[in-house]
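Student: compute the structure for the input listed below.
(chains A and B)
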Amino acid sequence: MNDLNPFEKDIKQTYRLPDANPAFFNRLEAKLQAHQPNPEVKAKPAFHFARGWAYAMVTLLIIGVMVLAIGPSKVLAQIQAVFGFVPDVGLVDTSSPFRQLAEPVSDTRDGITLAIQSAFLSADQTIITYAMSDLPAEIKRAKFGDPECFAPAYLILPDGSRVEASGSSGGLAPDGSFVNVIRFSGPFPANFNQATLVFPCLEGTARDKGPEDWQIALTFKPAPEDIVVYPATLIPPQARIDIPVPAPVDPTAQPKAETETPAMPAMIVDGDRQEEMVVLSVVEKPDSYWVTWAYPFKIDYDIQINGQLYVSPFNPVLYDANGAELPEPNHETQLELWKYEEGLRNHLPDQDRLKYAMTMSTFAVPKSGIVFPVYARQNVYERSFPEKEAYTDIEFDGTKVQTSDKPVEINQEIQLGSVKFKLNAIEKNPYGGYSFLFDGTEGKVVQCLVDLVGHPTDMGGGSSFNLDDPFHFYQAEMYRQIPTDRLTVRVSHPAVLGDLISFIGSWSPEK
Amino acid sequence: MDETKTLAKEAPAFMVNEAEEASRAEAVNFTELYHRNATPVFYYLYSRVRNVADAEDLTSQTFVTALENLSKLRDPLKFTPWVFTIARNKAFDFFRKSQRRPTADYDVELDQTKAVGRDLSQTDQDRLRDLERLISRLSPLEQEYLRLRIVADLPFAEIALILSEPETRIKKKYYRLLERLQAQVEK
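Tutor: Next up, the predicted model:
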């Protein structure tokens, strides 16, 4: 334990640390004990060591045989071919028979209905969809700062063992109910067809305001034989052979008929420079391929809010080899693609999840009527945070701002290190607070941090990015009780816009 | 809630490849490590999110992630910096997902029951409030030095591992920071 001097003890007091709750630590310990990995694996370290290498050797051998047998162009398509895409379920391991919920079940308490709509059990995961309906307004949405239920449901198996959720997601259904999907990683034991689904509280709703600790008995049965499964290929990082995207060529100067692979039309790259996107996965559907591309996610962790180093105000675009822009999918297909991406995130290897999960784009590529390869393009602006220490304080009359129907002019030049920009005006924010209107034209500034000194926000903040005029932006601070009178705004951490980068990825069924 | 939260690239020095996994895992008694680190991790996360429920939730997520990845820990003696690295990433994810501001939402109930130095004289209370304001104005990294050293009670060697900075540099920066704060608060 550190021997704190009196001043350090003063600092410690400012954090207002609460008493630790022993019940919480005991609960967590029990949860971790239930989560302990299989001891048999730990008991055989030497075998495990050898097994890792054995798997690697066998995999290399299989790939080698595949290369010889079917040619290198098809090898990638065969890797991880055990995956399939099941409509309305997502990406699943197809190596063992599927099971599903025998019949929907529901429970109603205090007028709130919790309905288990479906369950799908595959070799790699269990996916359960449930709906919460008739939620009173005070439970439906926790007020900002109020405790919210983050605890996902878990399963209790007939032998008493507990299976924790690996993730969940959800949203508001058109009828006003919340529909959530909860995922459990790993196989569900084949010898059990029953489980109890336990909800410590209703995830995403206000805590301690409605019935908690729901327990619902589930029964599973084999899924129908004729269930539709489309083959899916997840390209593992080690097999993601870089296939360089050709430099852009003007098709009028070099007719494509003279080249074996059509050259990428020049107009596709319209950024200051070109970088490469990778293909993460491909699903083959009857009339199309669903191809998922991604570019690396970059963030400056020193910036506490919105520290992304790429800003992407553009939609991704897909072209065929002739440079024809392919139409966007219809609304229903787009929803399916987003749902598919969500499932794909859970299947990405860890290093890919961190790097690509935030930047994925999935396109439905028609099987016919286009010329392959297709090119996906995502334009992004690069940005940087060159001044992380400097700040400036600007005083203003909060009462005047709050009583004025127009922005109150400030016209204060700001110089933070080498970065120049200007606070043009301050206006009252329609949600309760202040909006600070900046002109970042001179220093190419598109965002900064603002804090009202002595008045940390209790309702969050906001900012704008206008693609047509990125250097005129606002930063907002919102409050339950809006501070007024003489106020000081601290401006820091300017984000400076850099190059426009065209991330380009190519793909064809032959790759 | 999607589960995109994984160990960040900040932690590679602690990690091993699969081939080394199991023998390392043998040497680690997770329960003991949990007992040693749970409360400091909770306090550290509380100092980030300022809300007991969120801090408990993030503490839970931190240890579940640590348990799931325990076999990748290169040196069991470095469990503490490793688990704090996970906790930091959980806190970053929390703010990124919710777009909340790290120093924003003080728990109202807590404010009433845990008012800063409520047993102190008015002068001392004012001094502590000034200090609190000064701390809130520090750079994110400076605030992190204080949280890791004073709230999480970590030795400089472990802070150095977490922040990937030389221990001597962190010591210098930390003590200069204390001097600066003390001078400002006593002005």
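Student: let me see the contact set for B:Phe30.
Tutor: Contact analysis of B:Phe30 by Cβ atoms under 8 Å, 6 or more residues apart in numbering or on different chains lists A:32, A:36, B:66-67, B:70. Using the backbone N, CA and C atoms, a C-beta is placed for each residue, glycine as well.
Student: repeat for A:Asn21
Tutor: By Cβ under 8 Å, 6+ apart, the contact list for A:Asn21 reads B:52, B:56.
Student: what pLDDT is listed against it?
Tutor: Reported pLDDT at A:Asn21 in the predicted model: 81.
Student: distance of it relative to B:Phe42?
Tutor: Remark: distance between A:Asn21 and B:Phe42 (Cβ to Cβ, to the nearest Å) = 9 Å.
Student: could you name every residue contacting both of those two?
Tutor: Listed contacts common to A:Asn21 and B:Phe42 are B:Glu56; contacts here mean Cβ under 8 Å, 6+ apart.
Student: what about A:Val317, how many neighbours?
Tutor: The criterion is other Cβ atoms under 10 Å in any protein chain shown. On that basis, A:Val317 has 18 neighbouring residues.
Student: who does it bridge with?
Tutor: On DSSP bridges, the residues paired with A:Val317 through beta bridges are A:Arg377.
Student: helix or strand: which one has A:Asp451?
Tutor: strand A:445-452 (DSSP states H and E).
Student: contact partners of that strand?
Tutor: With contact meaning Cβ under 8 Å, 6+ apart, strand A:445-452 is reached by A:303-306, A:311, A:381, A:383, A:419, A:421, A:434, A:436, A:438, A:440, A:457, A:461, A:463, A:465, A:470-471, A:473, A:475, A:477, A:483, A:487-497, B:136-137.
Student: and those residues, which are buried?
Tutor: If you count burial by 16 or more other Cβ atoms under 10 Å in any protein chain shown, the buried members of the contacts of strand A:445-452 come out as A:303-306, A:311, A:381, A:383, A:419, A:421, A:434, A:436, A:438, A:440, A:457, A:461, A:463, A:465, A:470-471, A:473, A:475, A:477, A:483, A:487, A:489-497, B:136-137.
Student: just those: which are in helices?
Tutor: Secondary structure defined by DSSP state H assigns B:136-137 of the buried ones among the contacts of strand A:445-452 to helices.
Student: which residues of the stretch 301-450 of chain A score low on pLDDT?
Tutor: For the stretch 301-450 of chain A, applying pLDDT under 70 flags the ranges A:304-306, A:431.
Student: show me where it has its strands.
Tutor: A:310-311, A:317-319, A:361-366, A:374-384, A:391-397, A:408-416, A:419-429, A:433-439, A:445-452 (DSSP state E, counting those that start in this stretch).
Student: does the shortest one reach chain B?
Tutor: Spelled out, it's strand A:310-311. No: legend: contact between strand A:310-311 and chain B by Cβ under 8 Å from any Cβ of the partner chain is lacking; minimum distance shown is 14.3 Å.
Student: sheet partners, orientation included, of that strand?
Tutor: In its sheet, and by DSSP bridges, strand A:310-311 pairs with strand A:374-384 (antiparallel).
Student: ok, A:Ser185 - contacts?
Tutor: Residues A:124-125, A:166, A:346 are the ones in contact with A:Ser185 under the rule Cβ under 8 Å, 6+ apart.
Student: and of these, the nearest to chain B?
Tutor: For chain B, the closest of the contacts of A:Ser185 turns out to be A:Ser166, at 5.7 Å, with distances computed as Cβ to the nearest Cβ.
Student: about what we covered before: where is pLDDT lowest across the contacts of B:Phe30?
Tutor: Model confidence across these bottoms out at A:Gln36, which has 60.
Student: could you chop chain B up by domain?
Tutor: The record assigns chain B these domain ranges, following automatic domain parsing: B:7-101, B:119-187.
Student: looking at these, which is buried most?
Tutor: Of all the domains of chain B, domain B:7-101 carries the top mean neighbour count, a mean of 20, counting by mean count of other Cβ atoms under 10 Å in any protein chain shown.
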